[in-house]
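Novice: using only what follows, build the 3D model:
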Amino acid sequence: MKDFQIMTALITPFQTNGVIDYPALDKLIQQQIDQGVDGLIVCGTTAETACLSEHERFDVLRWIQYRTKGKVPIWFGCGTNNTQETLRLVSKASYYDIAGVLLVTPYYNKPSQEGLYMHFKTIANQTNIPIMLYQVYGRCGVQFEEETIIRLFEECDQIVALKHASDDYALIERLHRRFPNKQLYSGEDKTFYQGIGKGLSGLISVMSNAFLTQIKEDLIDLDEQKQSDLIRRAEISFLECSPSAIKYILHQKGICENALRLPLVPISKQAEHQIDAFLQTDKKCQNL
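Specialist: Here you go, the predicted structure:
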């Protein structure tokens with residue numbers, strides 16, 4: 001599926017002492033580029049961004065921008081539940097050579113639909129950088145109603161994309177018919193293939209940190225068995241609170257330490273055994 005993009009929501013590798021592991025980040029970035037990633041999401045949910053300082057977030061952005069040298073588009077997550085703070089961060093991010101900013105729906109304070117609309121319209125009206133809306137109800141406790149997305153797409157030229165962490169692909173189909181030039185991405189590793197052919201531009205993936213080649217190969221000729229393989233890789237990648245499982249998988253693949261920042265902790269021994277068994281089977285399948 002030539003035009004279907006896979007963008008990776010990058011983890012942030014840490015050393016065992018909690019410091020950001022830049023050599024491991026280099027290794028991960030190079031692997032992603034070598035395997036043909038279509039874009040990188042920097043400082044999204046998967047990056048444990050809530051546990052990074054502002055200085056660290058922009059250091060990571062600078063590092064990735066320098067290492068990628070324009071080879072792949074970069075989207076930088078800098079959404080907050082404070083409109084003025086988000087405006088400040090978007091303004092700061094606009095000085096970097098990035099494709100745009102990823103802005104999550106405000107979490108914790110649970111705004112109304114009018115509040116969501118005004119939050120994003122206010123930001124869009126005060127920046128020239130492209131914006132990708134990020135809808136993830138499970139993390140934020142609030143989500144866009146269809147009419148709110150329509151209002152924002154119609155009135156804000158800077159809003160060019162949506163990351164939709166939901167399996168409501170009927171909504172994607174309706175939005176694509178009405179706004180064929182907007183980029184619509186799934187944020188659901190387990191079900192995204194159901195949206196192929198309904199207007200999805202691609203997938204913003206957690207499992208592609210470790211399984212990008214396999215995902216791309218499966219999508220060349222997606223049959224029932226390959227759908228089953230995609231589902232199993234997604235399940236393994238989300239065994240426990242993300243990104244703990246994918247970090248363990250990357251550790252087993254020699255990319256990074258199995259280290260997270262509190263309040264996140266490494267996966268349980270039981271989950272480790274499940275992943276180890278899967279990876280062993282996966283290796284055997286690749287060698288057939």
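
Novice: all contacts plus neighbour counts: C-alpha atoms, from now on.
Specialist: Fine.

Novice: what about residue 77, distance to residue 99?
Specialist: 11 Å (C-alpha to C-alpha, to the nearest Å).

Novice: no no, residue 270
Specialist: 40 Å.

Novice: so which residues of the protein form helices?
Specialist: Assigned by DSSP state H, the helices in the chain fall at 22-34, 54-68, 83-93, 113-124, 137-140, 146-155, 169-178, 208-220, 224-237, 244-252, 269-287.

Novice: the longest one: which residues count as buried?
Specialist: Using 16 or more other C-alpha atoms under 10 Å as the test for burial, helix 269-287 gives 271, 272, 275, 276, 279.

Novice: I'd say residue 164 and residue 184 touch.
Specialist: Yes. Between residue 164 and residue 184 a contact is recorded at 7.4 Å, counting by C-alpha atoms under 8 Å.

Novice: before we move on, back to that, what about residue 77 and residue 99, which has more around it?
Specialist: residue 77 (27 against 19; other C-alpha atoms under 10 Å).

Novice: ok, now which ones touch the more buried one?
Specialist: By C-alpha atoms under 8 Å, 6 or more residues apart in numbering, the contact list for residue 77 reads 41, 42, 43, 44, 101, 102, 103, 104.

Novice: so where's this protein uncertain?
Specialist: Across the chain, the ranges flagged by pLDDT under 70 are 1-2, 137, 283-288.

Novice: if we use 50, what do you get?
Specialist: Along the chain, the parts satisfying pLDDT under 50 run over 284-285, 287-288.

Novice: for residue 163, give its distance to residue 211.
Specialist: For residue 163, the distance to residue 211 - C-alpha to C-alpha - is 20 Å.

Novice: about what we covered before: please work out which of the helices of the chain is packed deepest.
Specialist: When you average the neighbours per residue for each of the helices of the chain (mean count of other C-alpha atoms under 10 Å), helix 244-252 leads with a mean of 22.

Novice: that helix relative to helix 224-237, how many degrees between them?
Specialist: 100 degrees (axes from the mean of the first three to the mean of the last three C-alpha atoms, to 10 degrees).
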